[in-house]
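Q: Following is a predicted model, sequence given first.
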Amino acid sequence: MTVFFYDKSFEGMLTCLFEAYRLKDFPEQLLVMDSPVPLFCDHHYTIVTDETKSDRVWKHLTSKLSAMGAKEVTNCWLSELPDIDVLLFRYLRKTIDSPCSIETNFADPDVLLLSKIYKKVSYEAHRLIQFARFQKTADGTYFAPLEPQFNTLPLAIHHFCDRFADEKFLMYDMKRQYGFYYDMKNITEVTLTNEEERIKNGQLRSEYADKDESIYQQLWRSYYDAIAIRERLNPRKRRQDMPLRYWKYLTEMK
């Protein structure tokens, strides 16, 4: 059995693919650096991420994949599912070795599984767009805390930049502790320090919020209650369409 150790980045996974072909030795496992060497391991290599090599591999892959196929690969990586790198490694190896496209060969279990994961990630990105709620901060920046199941913030941020092009805002993934700040021109990846001092139960603490924020939140809740049809309430359907993980950050659920 062959094992590659790498930094668990997308570029690192592509570098592993490059090195596997160079070494003519393909790994059964891709493990994070400094992990214990598995029992019965015949060969193991430490692969250092090299952007030149990863760019070369990606350029070759995009010549064999359609635009949709390339999008499927990158979106599935953002799922962060266990062993998603091993699955993608096998899929990309098959893509390189095959004389024709394998993207719609759903008889192949790897192709079928990636298709299912892609749909789940895309659906989660759509939910993020649906359920983002912005709170106005004291300095006029709009802040939206989120906690999506998958790492879908990179897939949704451009929607909000187009939708709110004339506003400064910060969308922050509380689970992964990073976010994107938009200053009406550029998008910058940021990490907050002492976030627990600023945010409590999904809401900005009063000292960091705009003085009128609580009023607007109450107006939104009043509107939400006014348009509700009590006779048609279906809690089970609501939990299905609006997962509980989003409720913490929804103004109307407070």
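A: Nice, thanks for sending it over. Residues are numbered from 1 along each chain as shown.

Q: make it CA atoms for all contacts and neighbour counts henceforth
A: Will do.

Q: can you tell me which helix in the chain is longest?
A: In the chain, with assignment by DSSP state H, the single longest helix is helix 109-131.

Q: I'd like the next helix or strand past it.
A: Per DSSP states H and E, the first helix or strand lying C-terminal to helix 109-131 is strand 135-136.

Q: Contacts for whichever helix or strand comes after that next one, please.
A: The helix or strand immediately downstream of strand 135-136 is strand 142-146, counting by DSSP H and E. Here strand 142-146 makes contact (CA atoms under 8 Å, 6 or more residues apart in numbering) with 128, 132-137, 167-175, 202, 246, 249.

Q: If we use 10 Å, what do you get?
A: Outside of strand 142-146, the residues within contact range by CA atoms under 10 Å, 6 or more residues apart in numbering are 128, 131-137, 153, 167-177, 179, 181-182, 199, 202-204, 209-210, 245-246, 248-250.

Q: follow-up on the earlier one: the inter-axis angle of the longest helix of the chain versus strand 142-146?
A: Using axes from the mean of the first three to the mean of the last three CA atoms, to 10 degrees, the direction of helix 109-131 lies 140 degrees away from that of strand 142-146.

Q: and helix 109-131, C-alpha only, in PDB?
A: Output of helix 109-131 as PDB, limited to C-alpha atoms (Å, rounded to 0.1, in the frame of the first residue of the first chain):
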ATOM      1  CA  PRO A 109     -19.400   4.600  -8.900                       C
ATOM      2  CA  ASP A 110     -16.900   7.500  -8.500                       C
ATOM      3  CA  VAL A 111     -18.700   9.600 -11.200                       C
ATOM      4  CA  LEU A 112     -22.100   8.800  -9.700                       C
ATOM      5  CA  LEU A 113     -21.000   9.700  -6.100                       C
ATOM      6  CA  LEU A 114     -19.400  13.000  -7.200                       C
ATOM      7  CA  SER A 115     -22.600  13.900  -9.000                       C
ATOM      8  CA  LYS A 116     -24.600  13.400  -5.800                       C
ATOM      9  CA  ILE A 117     -22.100  15.400  -3.700                       C
ATOM     10  CA  TYR A 118     -22.100  18.200  -6.200                       C
ATOM     11  CA  LYS A 119     -25.900  18.500  -6.000                       C
ATOM     12  CA  LYS A 120     -25.800  18.600  -2.200                       C
ATOM     13  CA  VAL A 121     -23.100  21.300  -2.200                       C
ATOM     14  CA  SER A 122     -25.000  23.400  -4.800                       C
ATOM     15  CA  TYR A 123     -28.200  23.100  -2.700                       C
ATOM     16  CA  GLU A 124     -26.400  24.200   0.400                       C
ATOM     17  CA  ALA A 125     -25.000  27.200  -1.500                       C
ATOM     18  CA  HIS A 126     -28.600  28.100  -2.500                       C
ATOM     19  CA  ARG A 127     -29.700  27.800   1.100                       C
ATOM     20  CA  LEU A 128     -27.000  30.100   2.200                       C
ATOM     21  CA  ILE A 129     -28.300  32.700  -0.200                       C
ATOM     22  CA  GLN A 130     -31.800  32.200   1.000                       C
ATOM     23  CA  PHE A 131     -31.100  32.300   4.700                       C
END
